[in-house]
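>>> this one's sequence-less:
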DNA sequence: AGGATGCTTTACGTTTACGTCAACGTCAAG
DNA sequence: CTTGACGTTGACGTAAACGTAAAGCATCCT
């Protein structure tokens, strides 16, 4: 029950412990993120993460954990993995040239449109749900005040 | 380009034209909702919609359009079709018994939790996107004020 | 009459996102 | 040294959500 939530902030500002060198095994990340080894490797196959290799074994750094957080949130939001990859790749690109930066800004614009529609969809769904609940509850109250209610 | 948006309100209050009897063919609904025949029939196979049958041909009523709106929004939010089915089925159940109503209210509770987390996820993603855009733009301004900028 | 169109069913193909073995390497503990 | 525990690479399986013919009716148009 005491699950250490792997909520990394995207930027590390903790200079007290220069803990940016911590590493994790595949079992540890799979466990903390509540996914399987297979899933972790699958994300690697799709180039969503790229852990270090010590010989043949995979070593996961903070960077991979940050990416996994973004991946899983993207999944919760229903994005396909390929799309998620392009998004999180966007987040840590060199951004050297101005043309490149403008391209990135374009992408950001598209992403925002996408996310804003999702937000509207969520809001609408929640509002409908609320209204429906009100109707159900008023109906339930009516039933409670009528005969034949055996408090089933 | 002049696409009639099939934005039905869930409840019909338009008593001027008792247009609740309009019907559509599969081609019409597929076209208006920008999906294929196959998709429409697929939703029928999964009991997400159940159009009338005139002989062998399918006739779609307002009810099907309402459901299609809910289905497509559910898809945009990343819900699997089976889950969508249980949700929209919930919305038009008999709700006869009190026990049934309580069950429905329970389901509503679960759904709301789910949707609220999605909302948080969307908000977080939007906030990160905004911050990232600000960084990109400030970076772009720096580039514009330095030599070597050939306005690529 | 004879296409051309539109709708139908049947059925196999495809993509995504993993699940599930199988078979093998490796390293510390008994 | 061998037994686990943990890791690795294939490679095939699967469920969801359609795509994509293929082949058959029905009707409408000229």
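Happy to help now that I have it. Nothing here was measured: the structure is a model prediction, and the numbers come from that model.
>>> please work out how many residues are found near residue A:67.
Counted with other C-beta atoms under 10 Å in any protein chain shown, the burial measure for residue A:67 works out to 23 neighbours. All C-beta spots, glycine's among them, are computed from the backbone N, C-alpha and C.
>>> any idea whether it is helix, strand or coil?
The three-state assignment at residue A:67 reads helix, by DSSP: H, G, I helix; E, B strand; the rest coil.
>>> contacting residues around it?
Residues counted as contacts of residue A:67 (C-beta atoms under 8 Å, 6 or more residues apart in numbering or on different chains) are A:48, A:49, A:88.
>>> switch the cut-off to 6 Å
Shown in contact with residue A:67 (C-beta atoms under 6 Å, 6 or more residues apart in numbering or on different chains): A:49, A:88.
>>> that one and residue A:57, how far apart?
Counting by C-beta to C-beta, to the nearest Å, the gap between residue A:67 and residue A:57 amounts to 19 Å.
>>> so which residues on chain A come close to DNA strand C?
By C-beta under 7 Å from any atom of the strand, the part of chain A that sits against DNA strand C consists of A:36, A:38, A:39, A:42, A:46, A:55, A:56, A:75, A:80, A:81, A:82.
>>> right, and the helix or strand after whichever strand or helix holds the second one?
Right, the one you point to is residue A:38. Taking DSSP states H and E as the definition, one finds residue A:38 inside helix A:37-45. On the C-terminal side of helix A:37-45, the nearest following helix or strand under DSSP H and E is strand A:52-54.
>>> which phi and psi does the nearest residue to residue A:122 once chain neighbours are set aside have?
The shortest distance from residue A:122 to any residue that is not its chain neighbour, by C-beta to C-beta, 6 or more residues apart in numbering or on different chains, is 4.8 Å, and that residue is residue B:119. Here the main-chain torsion angles of residue B:119 (degrees, to the nearest 10) amount to phi -60, psi -40.
>>> residue B:119 and residue A:121 touch, don't they?
No: the criterion here is C-beta atoms under 6 Å, and residue B:119 misses it with residue A:121 at 10.0 Å.
>>> for the residue in chain A that chain B sits nearest to, give me its contacts.
Distance from chain B to each residue of chain A (C-beta to the nearest C-beta) is smallest for residue A:78, at 1.6 Å. Taking C-beta under 6 Å, 6+ apart as the criterion, residue A:78 is in contact with residue B:78.
>>> host element of it?
Secondary structure assigned from DSSP H and E places residue A:78 in neither a helix nor a strand.
>>> give me the pLDDT for it.
What the model reports for residue A:78 is a pLDDT of 92.
>>> how close does it get to residue B:69?
Counting by C-beta to C-beta, the separation of residue A:78 from residue B:69 is 17 Å.
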